[in-house]
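Just need the structure, nothing else, for what follows:
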Amino acid sequence: MGNIFKGGGQSLYLSNGGTDVFVDVLMLAVSDLASDTWDYRFAALLTLQDQNVMGRGTVGFDLEEIDWGRNLTEQTRAKGFVLRAADLALHRCRWDELGYEPPFAHGYLRQFKTMVEAFDPATAVRHDGVFPRPSQAARASCVHHRILSAIPHWEGCRFCTGRP
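Reported below is the predicted structural model:
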């Protein structure tokens, strides 16, 4: 059992462990870059990929179901944010804080970045409930791990929920 991330006519199928690694390294980068409401909404989408809370093999998302914005300017900015986050993660941003060497992370990130690059946000078909609303944006930060989280809705960040 695993999880699928789709977009740009491509898909990234990851095992449950691979999903954890992918979201861990991407979340570190997103947490460091987020500065706009859309960025915090994307961070909230990543918090929903926490299999320790949502269940193993039950996460993943399709880029086409994300609300990328109402116009070309908003869509370009949002897509640019995701690409910058992927690039930052590819440069091993804060990986030393993981407590493990993330196997295959570069490959996952490169494939995800290729998917985002090929994706045209203007073709997105928004689905209610898939992409967190502005009021659901992940603005809280775990004090211990310094990453954006679903606190106060959940008891901790993805690192808190996944570590004994």
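
C-alpha only now, for contacts and for neighbours.
Will do.

Can you get me the start-to-end distance on stretch 114-130?
In stretch 114-130, first residue to last residue: 22 Å (CA to CA, to the nearest Å).

Can you name the next helix or strand after the worst-scoring helix or strand of the chain on mean pLDDT?
Least confident helix or strand of the chain, by mean pLDDT, DSSP states H and E, is helix 51-54 with a mean of 58. Once helix 51-54 ends, the next helix or strand along the chain (criterion: DSSP states H and E) is helix 72-90.

Run through who's touching that following helix.
Outside helix 72-90, the residues that touch it by CA atoms under 8 Å, 6 or more residues apart in numbering are 25-26, 28-30, 33, 38-39, 68-69, 106, 109-110, 112-113, 116-117, 121-122.

what about burial for those residues, which qualify?
Neighbour counting with 16 or more other CA atoms under 10 Å marks 25-26, 28-30, 33, 38-39, 68-69, 106, 109, 112-113, 116, 121 as buried within these.

out of those residues, which are inside helices?
Residues of these located in helices (DSSP state H): 25-26, 28-30, 33, 38-39, 106, 109, 112-113, 116.

Grab the two from these that are most spread out in space.
Trp38 and His106 (25.0 Å; CA to CA).

for stretch 64-71, which positions count as buried?
Quick answer for stretch 64-71 (16+ other CA under 10 Å): Glu64, Glu65, Ile66, Asp67, Trp68, Gly69.

so where's this protein uncertain?
Flagging of the chain using pLDDT under 70 yields the residue ranges 1, 50-60, 127-129, 133-164.

and with 50 instead?
55, 164 (pLDDT under 50).

neighbours of Trp95, just the number please.
17 (other CA atoms under 10 Å).

ok, now which ones touch the closest residue in space to it that isn't next to it in sequence?
Excluding the flanking residues, the one nearest Trp95 by CA to CA, 6 or more residues apart in numbering is Val25, at 6.8 Å. Taking CA under 8 Å, 6+ apart, we find Val25 in contact with Ala89, Arg92, Cys93, Trp95, Pro102, Ala105.

Okay, the last one and Arg92: tell me how far apart.
For Ala105, the distance to Arg92 equals 9 Å [CA to CA].

Would you mind telling me which of the two has the busier surroundings?
Ala105 (21 against 17).
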